[in-house]
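Q: Structure of the sequence below:
(chains A and B)
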Amino acid sequence: MPNRRHGLIGVYPIGVLLSGLLLAGQACAAPPTAAKPTTVAPKPDAKPDPVANIAYLALVQKRVLPQSFLDQPPEDDGVQGARLGLADNITTGRFIHQAYHLEEALEPDADAVVAAFKKLVAQGYRAFVTDMPADLLLRLADLAEAKDATLLDATSTDDALRGEQCRRNVLHLLPSRAMLADALMQYLTIKNWRDILLVAGPNPEDKLYADALRKSARKFRLKIVADKPWTYDPGARRTDTGHYAIGAEVARFTQGIKYDVLVVADEGDNFGDDLGYRATDPRPVAGTQGLVPAAWARPFEQWGATQLQARFLKQTGRWMTERDYGAWMAVRALGEAATRGGSVEGAAMTAYLRKPEFELAAFKGARLSFRAWDGQLRQPVLLADARSLVSVSPQPGFLHETSELDTLGPDQPETTCHPR
Amino acid sequence: MPSTLMLAAFNRIRSKAPSNAGRQHPLALMLALGLPRVSVRSTPQNTAGPAVAGLLLAMGLLLATTPAMAERLLVSNEKDNTITVVDAGTLAVVKTVKVGARPRGITLSKDGRALYICTSDADHIEVLDLASLTVNRTLPSGPDPELFTLSPDGKTLYVSNENDNMVSVLDIAAGRIVTEIPVGVEPEGMGISPDGKILVNTSETTSMAHFIDTQSHEVLANVLVGSRPRVAQWTKDGSLVWVSAEVGGTVSIIDSAQHKVIQTIRFDIPGVPKESIQPVGIQLTADGATAFVALGPANRVAVIDTHSYQVKKYLLVGQRVWNLAFSGDGKRLYTTNGVSNDLSVIDVDALKVVKSVPVGRLPWGVVVAP
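A: Alright, predicted model coming up:
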């Protein structure tokens, strides 16, 4: 899962920013303490309200820093979204006598995550919001203890987790790579930008992202006219003349190819931002940089999203990331299940998530729900650059007989998810 | 087994582009109708000889700007920070008044001489004097005021503070906030009962209609409705409250005594994706027999029989239709269309859209001033 475009810097005073730079990229070493949501019951009641217990289980991973010193990934993204979702649930719950508790377990290694999971299950937790890599998520899902639990995967975009590796007890909040790719390809289709130069980075995630793009291009009959790996390592990028070398390399790399749009797969933000403005021909950049398909973006303010952005900014002092948004949706989905289903029991809440009447309002205009065939949340996908929202897919005209949101990602007939 | 019907061919996509397909150009409509319909309909002697009718028609044309037409339409333009003033007779824009940042909810003072404006990003309420068309007073509102409702005695404004999970109670004469009432996440719609005793507030993320006693400021009941509720509209007799749910795609009808949803109206428009059906504005005719519901990006207004709760008709209007207002005589309904930046004019008896009037960018609310 990439961590692009975080907004710490935008909201800190200049002094903090400068001292952060002096500390060589440690600007976000001190994450703002989370505002603990206050529980205010309208009237004191003799009997305490029943509590919906939700666990937030994460493997704390060492983040690989992006190439640019701008927008360093915050250390608390994900869990902050869950905390805001909790605050929203509490406000709602106090009117109907439901209380909420979020148990945060942020563990340093995989074994600690497994141990924490087993302990929480023993304590009666059934609803888990998770932030961890695919292999660890599968390890948890296959435990005997996980039989009656539901794991709400808040941060992964992995296609295999929704396909051949899918599990009955896992639901996915963020759009998969396949959905992101389809969202972009639909937009390229309506723009009639049909010839693509695909540039894929060297990391395993880049290869997965590029695979999703290739599949999607075939699905929408767009043409990848050239498919090139990016191997160039500029080395002394920050020397005074580093930009000459990069400019020359990108010009050479793109020379002699006739294409409409350069689509890049660089989830770690290592080189994608270097491709814009430097190609031989003037062509836009899209993919992991440039025009980015995403679940959440800083410039997004439609359908009331301004409110969510503002609430998050107030709570944390930074902008909401996609991972925060995924965790917010997971906790809100459980809140919605408790409110509508009328029960705060873990098993009842997680069962309600899978019912046809379940719907989540998540500032996208449409009502979101989980696909029965692979546990993926169906949702519109934003197309945005750093400063503006460009479009939202599905694009008009891509039709579907049940939900147009299902034109993004594997539909029921083509799913490879067949859980035992 | 659902299957994806993708239209990869570009030209087919173009031809399938929704929204405006079939929407007639307003000018063409006007030409077909031969100009002000209103003047023709307002003559009761339609059965008289053609010469008389012709004469009356001619007079009607001359008088077209006079009868109930002294009315003015006031439209808040969220993106332009303006109020557009439209002459209801000529449907021409008379003036565009600059106001504070992000004007959304608007309502008329009891004496009809002023317009209260929620200027959301300015974090206050502005008072527009309708004689001079200038803002001559500002009132406190609490942070991010989106919508409000005026007590029937005209003395109190109840304001929803979208970013603050509060409803602020504003004493207009004193110009101060008397109290704040905690409600759900993102308070939005505000509706007051005809007797002024009960206030209904909707909260968007909490998905509830909160019934609030206006004397004690206590929350009496919380009624769960569809996702992201917007507008709360009381019936004239105070027995029911209609609540629209933008994301749920429904309108809930709540019994105000029992605090129970007695009916849920759903919408189904052939050829329009169900995700685009997002109910917002609600208006009921004076006789209570018909309800009009704006359906947002479905670009339609639903006409509902309030006895059977069946949708009788969908009227195609401008893009992203948001809020609604009747003319004083109830013969016209005006809609704000946020994406096409215009106002649609509906003939209520004929159930036809007769004209659209360009206003500012992102028109949000509309009010008819006498």
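
Q: Might one say that residue A:99 is in contact with residue A:89?
A: No - judged on Cβ atoms under 8 Å, residue A:99 makes no contact with residue A:89 at a distance of 9.2 Å. Placement of C-beta: from N, CA and C, glycine included.

Q: can you list residues touching both of these two?
A: Counting by Cβ atoms under 8 Å, 6 or more residues apart in numbering or on different chains, the common neighbours of residue A:99 and residue A:89 are residue A:52.

Q: Any idea how many residues pack against the closest residue to chain B within the stretch 201-350 of chain A?
A: Shortest the stretch 201-350 of chain A-to-chain B distance, computed as Cβ to the nearest Cβ: residue-wise this is residue A:221, at 4.9 Å. Neighbouring residues of residue A:221 were enumerated by other Cβ atoms under 10 Å in any protein chain shown; the total is 12.

Q: swap in residue B:90?
A: 13.

Q: Shouldn't it be within a strand?
A: No - assessed by DSSP: H, G, I helix; E, B strand; the rest coil, residue B:90 does not belong to a strand; its assignment is coil.

Q: do you know how far it is from chain A?
A: Residue B:90 sits at a distance of 34 Å from chain A (criterion: Cβ to the nearest Cβ, to the nearest Å).

Q: just residue B:272 next, same as before
A: To chain A, residue B:272 is 11 Å away according to Cβ to the nearest Cβ.

Q: SS state for that residue?
A: Secondary structure for residue B:272, judged by three-state DSSP, is coil.

Q: Okay, buried residues for stretch A:403-420 please.
A: A:403-412, A:415, A:417 (16 or more other Cβ atoms under 10 Å in any protein chain shown).

Q: and the two most separated of these?
A: Taking Cβ to Cβ, the two most distant members of the buried residues of stretch A:403-420 are A:404 and A:417; they sit 21.0 Å apart.

Q: one step back: now intersect the buried residues of stretch A:403-420 with the helices, please.
A: When DSSP state H is applied, those are split such that none fall in helices.

Q: Below-threshold pLDDT in chain A: ranges please.
A: A:1-46, A:234-240, A:420 (pLDDT under 70).

Q: Identify the residue nearest the geometric centre of it.
A: Using Cα atoms, centre = their mean, the residue of chain A that lies closest to the mean C-alpha position is residue A:322, 3.9 Å off.

Q: Could I get the full set of helices for chain A?
A: A:8-11, A:14-22, A:79-93, A:110-122, A:134-141, A:177-191, A:204-219, A:242-253, A:305-316, A:322-341, A:346-353.

Q: could you give the angle of the third one to helix A:305-316?
A: Between the direction of helix A:79-93 and that of helix A:305-316, the angle (axes from the mean of the first three to the mean of the last three Cα atoms, to 10 degrees) works out to 110 degrees.

Q: if I look at residue B:184, how far off is chain A?
A: Distance from residue B:184 to chain A, by Cβ to the nearest Cβ: 6 Å.

Q: For residue A:127, see how far away the closest residue to chain A within the stretch 51-200 of chain B is.
A: The stretch 51-200 of chain B approaches chain A most closely through residue B:185 (4.8 Å), counting by Cβ to the nearest Cβ. Distance check for residue B:185 against residue A:127: by Cβ to Cβ, to the nearest Å, it reads 20 Å.

Q: Please say which of these two ends up with more neighbours.
A: For residue B:185 versus residue A:127, neighbours defined as other Cβ under 10 Å are more numerous around residue A:127 (26 against 23).

Q: for that one, what are its contacts?
A: Shown here is residue A:127, whose contacts under the criterion Cβ under 8 Å, 6+ apart are A:52-55, A:149-150, A:152, A:334, A:346, A:349-350.

Q: Tell me which of residue A:99 and residue A:89 has more neighbours.
A: Looking at residue A:99 and residue A:89 with other Cβ under 10 Å, you find the greater number of neighbours at residue A:89, namely 27 against 18.

Q: quick one: the closest residue to that one other than its chain neighbours and residue A:358, what's the gap?
A: Of all residues not flanking residue A:89 in the chain, residue A:335 sits nearest, at 3.4 Å (Cβ to Cβ, 6 or more residues apart in numbering or on different chains). Computed with Cβ to Cβ, the distance linking residue A:335 and residue A:358 is 12 Å.

Q: of these two, who's got more company?
A: Between residue A:335 and residue A:358, counting by other Cβ under 10 Å, residue A:335 is the more crowded of the two (27 against 18).

Q: which residues touch the more buried one?
A: By Cβ under 8 Å, 6+ apart, the contact list for residue A:335 reads A:52, A:85, A:88-89, A:92-93, A:100.

Q: Could you report the distance from it to residue A:88?
A: Summarising the geometry, the distance separating residue A:335 from residue A:88, computed by Cβ to Cβ, is 7 Å.

Q: same deal with residue A:329?
A: 11 Å.

Q: out of the two, which sits in the busier spot?
A: Under the neighbour definition other Cβ under 10 Å, residue A:329 and residue A:88 were set side by side, and residue A:329 has more, 27 against 24.

Q: Distance check, the nearest residue to residue A:292 once chain neighbours are set aside against residue B:160.
A: The spatially closest residue to residue A:292, leaving aside those adjacent along the chain, is residue A:384, at 6.2 Å (Cβ to Cβ, 6+ apart). Noted for residue A:384: a distance of 29 Å to residue B:160, by Cβ to Cβ.

Q: I figured residue B:112 hits residue B:130, correct?
A: Yes - with contact defined as Cβ under 8 Å, residue B:112 counts as touching residue B:130 (7.4 Å).

Q: what sits in contact with each of the two?
A: In the contact map built from Cβ under 8 Å, 6+ apart, the residues linked to both residue B:112 and residue B:130 are residue B:369.
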